[in-house]
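# sequence? don't have it. structure:
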């Protein structure tokens, strides 16, 4: 009979197949920034669903915010996605663990940093698994709007209550949304974990729209 423990054991087997070691976090992370949450590796069945409808090409650049030991990076590489993936993590020990295996994958990198201090202009996809409180999320969304000129896809997992931080922001639209709680008859989460995949048109498109409106006026 399948259990939650057997599902997590299967996740570890997929970790080992992808990068040669388990990427489960065995202890709480040291999070120094106010509003930051402890990292939790995303279960593979969630990643399979979230990423199944996304397209990556050679120009794609994925940012995993609060990457922990790097499961999303490992998933990106194991699926053979084109482009590059970058993880940003506050906990230096977790960055060391992630850095210990990504060297064999030239398209992957990880940095020990606060994402609010990182330049965002190059990214086409951003993944969030509830990395920080809503006020920090609002600052992060402001930063996206200030720095990213082109269209960008934001995959926000476990955004329970936080999706309202996106509401009313010009240029943002929902591509897909749903929730996870059970997988193949096993209750993985204590309550439904909602997700939303957002599309942001980018600063350049909004500027062009503003200019068109001024001409019409």
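Noted; the coordinates are in hand. Predicted model only: the values in this text are computed from it and were never measured.

# for the chain, what spans make up the strands?
61-65, 84-89, 108-112, 125-129, 152-157, 172-180, 182-183, 186-187, 193-200 (DSSP state E).

# Go through the last one and flag the buried ones.
Yep, that's strand 193-200 we're talking about. 193, 194, 195, 196, 197, 198, 200 (16 or more other C-beta atoms under 10 Å). In this view, the C-beta of every residue, glycine as well, is placed from N, C-alpha and C.

# same thing with the third one?
Of the residues in strand 108-112, those buried by neighbour count under the rule 16+ other C-beta under 10 Å are 108, 109, 110, 112.

# need these in TSV with distance to residue 187 and pLDDT, can you?
What follows is the buried residues of strand 108-112, written out as TSV (distance: C-beta to C-beta, whole Å; pLDDT from 0 to 100):
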residue	distance to residue 187	pLDDT
108	32	98
109	36	97
110	32	97
112	35	96
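
# in this structure, which spans are helices?
Assigned by DSSP state H, the helices in the chain fall at 4-19, 44-51, 71-78, 92-102, 134-147, 203-216.

# Can you pull out the low-pLDDT segments for this protein?
Residues of the chain meeting the criterion pLDDT under 70: 26-37, 207-217.

# Near the closest residue in space to residue 75 that isn't next to it in sequence, how many residues? Count them for me, please.
Distances taken as C-beta to C-beta, 6 or more residues apart in numbering place residue 47 nearest to residue 75, at 4.9 Å, with adjacent residues excluded. Residue 47: 23 surrounding residues under other C-beta atoms under 10 Å.

# Next, the contact list for the nearest residue to residue 102 once chain neighbours are set aside, please.
The shortest distance from residue 102 to any non-neighbouring residue, by C-beta to C-beta, 6+ apart, is to residue 108 (4.4 Å). Residues in contact with residue 108 (C-beta atoms under 8 Å, 6 or more residues apart in numbering) are 70, 73, 76, 77, 84, 85, 86, 87, 102.

# For the second one, give its distance to residue 9.
Spatial separation of residue 73 from residue 9 under the definition C-beta to C-beta, to the nearest Å is 21 Å.

# more crowded one of the two?
Counted by other C-beta under 10 Å, residue 73 and residue 9 do not tie: residue 73 has more neighbours, with 29 against 13.

# show me the residues around that one that make contact.
So residue 73 contacts 64, 67, 85, 87, 98, 102, 105, 108, 110 (C-beta under 8 Å, 6+ apart).

# measure the residue nearest the centre of the chain to residue 105 for me?
Most central in the chain under C-alpha atoms, centre = their mean is residue 127, positioned 1.5 Å from the mean C-alpha point. Using C-beta to C-beta, we find residue 127 at a distance of 17 Å from residue 105.

# What of residue 89?
From residue 89 to residue 105 the distance is 17 Å (C-beta to C-beta).

# what's the neighbour count on residue 38?
That count, for residue 38 with other C-beta under 10 Å as the rule, works out to 15.

# er, residue 93 I mean
Residues near residue 93, counting by other C-beta under 10 Å: 13.

# one step back: ok, which of the helices of the chain comes nearest residue 176?
Each of the helices of the chain was scored for nearness to residue 176 using C-beta to C-beta, and the closest is helix 44-51 (8.7 Å).
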